[in-house]
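Trainee: Please work out how this folds:
(4 chains)
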Number of protein chains: 2
Amino acid sequence: MTDGKTHDTAESARPVFAAERRQRILELVRANGAVSLRDLARAVGSSEVTVRRDVRMLEGEGLLDRHHGGATLPGELTREPTYSQKTQLSGTEKAAIADLAASLVEDGDAIAIGAGTTTQALARRLVRHTELAVVTNSLLVAQALADCPRVEVVMTGGTLRGSIHALVGSPAEQALAGLRVRRAFISGNGLTAERGLSTPNLQVASVDRAMARAAEDVVVLADHTKIGVDTMVQTVPTEEITHLVTDDDAPRDVLDDLASRGVRLHVARG
Amino acid sequence: MTDGKTHDTAESARPVFAAERRQRILELVRANGAVSLRDLARAVGSSEVTVRRDVRMLEGEGLLDRHHGGATLPGELTREPTYSQKTQLSGTEKAAIADLAASLVEDGDAIAIGAGTTTQALARRLVRHTELAVVTNSLLVAQALADCPRVEVVMTGGTLRGSIHALVGSPAEQALAGLRVRRAFISGNGLTAERGLSTPNLQVASVDRAMARAAEDVVVLADHTKIGVDTMVQTVPTEEITHLVTDDDAPRDVLDDLASRGVRLHVARG
DNA sequence: TCACATTCGATCTAAACCGATCAAATAGCG
DNA sequence: CGCTATTTGATCGGTTTAGATCGAATGTGA
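Mentor: Have a look, this model is predicted:
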């Protein structure tokens, strides 16, 4: 509206200022999700070179992402840190923990397995067991045991929480309330001696609690990155944890504290 | 929003950048568990060479595993035999059927999706929908939609039937009994005009029946190998089938017969 | 086990795209 | 009026990317 230099020359074509052009570029990208440089140039009536410059500038401000051939919304295609990278994080420790935890499962057992990448690794170790009954709310655990005919897998119902690939909500909790198993293998995001196991999500916490209540023994699987860490919602208090399986990078003092409170320790050497 | 006054050049399609292509490959693999290179190439509209390159790159990041002929989820115990069977069988028909079935789903719908590889392919097509509520007893369907934040997935509980990766038993049926959805997308092993949809397994049949009862419309997904085939247990009688989605290799006479009984036909051309 | 088919890997080619430098036009300023 | 700074457009070389081909390796089926 109020451009500094008014009608100095009111000649033919209306001028397209750089700021306006960039604004239109942004709008186009936002509207289409991804636009090629050629289309952008055509749309704003400038050359590709100019648009390239604009796009680079806009990228510098974090308003869009530049790609070979065009531009996209920022962060749209770069969601790499998905689930599978978490398994990569401390894969060897997880494997060692899962091996040790699997030794706590005997043929003929009825057990519950919670959500998490470590519990998924545990489930993979159980394919050789026989006469096993496993109840879980984790899609990944169920998948791991799906092709194993000698293991009966029961899933709770519930709403799928995509980030952890597990079922939550009252259907899941109610399904667990009606069951009784010998051991529950539960993971979490943090474990301290004072507050026990914790997770950042309320719904997940509720299901984990229900799972712990359904079991005689509660086995917590937690690699060293989680020991001594406290997150938002407590799931299982220390007194109810009977076993902890972790790796030997876990802080010694916390482990001692847990042990003094009656938790049986199983430390896997990575 | 404020579309420019410029004539929009409708000739140029939305570009697909390399990053987006890889993202889609990941989605496809996550959804299907195992996808052949050819299908991936077809799905993303690139050559097999390019897809091979992408897959190799993604493997380097640990996001998927590479196998002869295709790619699978990482770290999974890969079931090679089932893999080639299922994807090779009638992959293109399944894809075409799934595409057509996806067009029967509207944003904001509440739908049910049964077990099967075709329904799984359908689920894969729903990731772009918004405000969708999906209830399913299929692990594969749930997995396909797990990473989609705009789709709410509710799973029935139940016992895992490994061969079809779906939940069966009374918990599954009871969960469905308490629900009401607009459309149910059900597959099966055989479909005839006289007996309707059928499957060789009793438990699976019960769940499919419960799912059909929970829906206003019943959409059957069946490729041509199943049309005219009758298997042991009837799941949905022809009168309750409102739509059939199949491919153009299906026997004409059976289709006509079904149509005369009120089934709306949707024939995908492979 | 052997023969056949499919798929993989590598190299090459073609094309698109990017970056940089330079030329031209316009606005600002003395 | 003329100079200069800023901005835009054009060209060129280098780089990246995608597709094609062919020998080699791997699976498949009899």
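Trainee: Please list all residues in contact with residue A:186.
Mentor: A:114, A:119, A:197, A:208, A:211, A:212, A:218, A:219, A:220, A:221, A:235, A:236 (C-beta atoms under 8 Å, 6 or more residues apart in numbering or on different chains). For glycine as for every other residue, the C-beta is placed from the backbone atoms N, C-alpha and C.
Trainee: Could you rerun that using 6 Å?
Mentor: A:114, A:208, A:220 (C-beta atoms under 6 Å, 6 or more residues apart in numbering or on different chains).
Trainee: Go through these and flag which are in helices.
Mentor: residue A:208 (DSSP state H).
Trainee: ok, and of the contacts of residue A:186, which contact chain B?
Mentor: Among these, none lies close to chain B by the criterion of C-beta under 6 Å from any C-beta of the partner chain.
Trainee: Are any of the contacts of residue A:186 buried, and if so which?
Mentor: A:114, A:208, A:220 (16 or more other C-beta atoms under 10 Å in any protein chain shown).
Trainee: Check the gap between the residue of the stretch 51-200 of chain A found nearest DNA strand C and residue B:133 for me.
Mentor: Nearest residue of the stretch 51-200 of chain A to DNA strand C, counting by C-beta to the nearest atom of the strand: residue A:69, 4.2 Å away. From residue A:69 across to residue B:133, the span is 37 Å (C-beta to C-beta, to the nearest Å).
Trainee: Those two: which is more packed in?
Mentor: Taking neighbours as other C-beta atoms under 10 Å in any protein chain shown, residue A:69 and residue B:133 compare with residue B:133 leading, 17 against 14.
Trainee: which residues touch the closest residue in space to that one that isn't next to it in sequence?
Mentor: Once flanking residues are discounted, residue B:133 sits nearest to residue B:110: 4.2 Å by C-beta to C-beta, 6 or more residues apart in numbering or on different chains. Contact partners of residue B:110, counting by C-beta under 6 Å, 6+ apart, are B:133, B:181, B:182.
Trainee: do that again at 8 Å, thanks
Mentor: B:132, B:133, B:134, B:135, B:180, B:181, B:182.
Trainee: For residue A:63, identify the helix or strand it belongs to.
Mentor: For residue A:63, there is no host helix or strand (DSSP states H and E).
Trainee: Name the nearest residue to it, ignoring sequence neighbours.
Mentor: residue A:26 (6.0 Å).
Trainee: so how far is residue B:224 from that neighbour?
Mentor: 48 Å.
Trainee: Check residue A:113 too.
Mentor: Taken as C-beta to C-beta, the span from residue A:113 to residue B:224 is 41 Å.
Trainee: between the two, who's got more neighbours?
Mentor: Neighbour totals were compared for residue A:113 and residue B:224, and residue A:113 leads with 32 against 20 (other C-beta under 10 Å).
Trainee: residues in contact with the closest residue to residue A:40 other than its chain neighbours?
Mentor: Spatial nearest neighbour of residue A:40, excluding adjacent residues (C-beta to C-beta, 6+ apart): residue A:51 at 4.8 Å. With contacts defined as C-beta under 8 Å, 6+ apart, residue A:51 is in contact with A:25, A:37, A:40, A:41, A:44.
Trainee: out of the residues you listed, which touch DNA strand C?
Mentor: Counting by C-beta under 7 Å from any atom of the strand, residue A:37 from those sit close to DNA strand C.
Trainee: Grab the nearest non-local neighbour of residue A:54.
Mentor: Closest to residue A:54 by C-beta to C-beta, 6+ apart is residue A:22, at 5.0 Å.
Trainee: count of neighbours near that neighbour?
Mentor: 19.
Trainee: now it, what's its secondary structure?
Mentor: helix (DSSP: H, G, I helix; E, B strand; the rest coil).
Trainee: Tell me how far it lies from DNA strand D.
Mentor: From residue A:22 across to DNA strand D, the span is 9 Å (C-beta to the nearest atom of the strand, to the nearest Å).
Trainee: how about that residue, what does it touch?
Mentor: A:54, A:57, A:58.
Trainee: most neighbours, which of those?
Mentor: Of those, with other C-beta under 10 Å as the count, residue A:54 tops at 23 neighbours.
Trainee: Wait, a helix at that residue?
Mentor: Yes - remark: residue A:54 belongs to a helix, assigned using three-state DSSP.
Trainee: Would you check that it makes contact with residue A:21?
Mentor: Yes - using C-beta atoms under 8 Å, residue A:54 is in contact with residue A:21, at 6.3 Å.
Trainee: where along the stretch 51-200 of chain A do the helices fall?
Mentor: For the stretch 51-200 of chain A, the helices defined by DSSP state H, counting those that start in this stretch occupy A:83-89, A:91-102, A:117-125, A:139-146, A:170-177.
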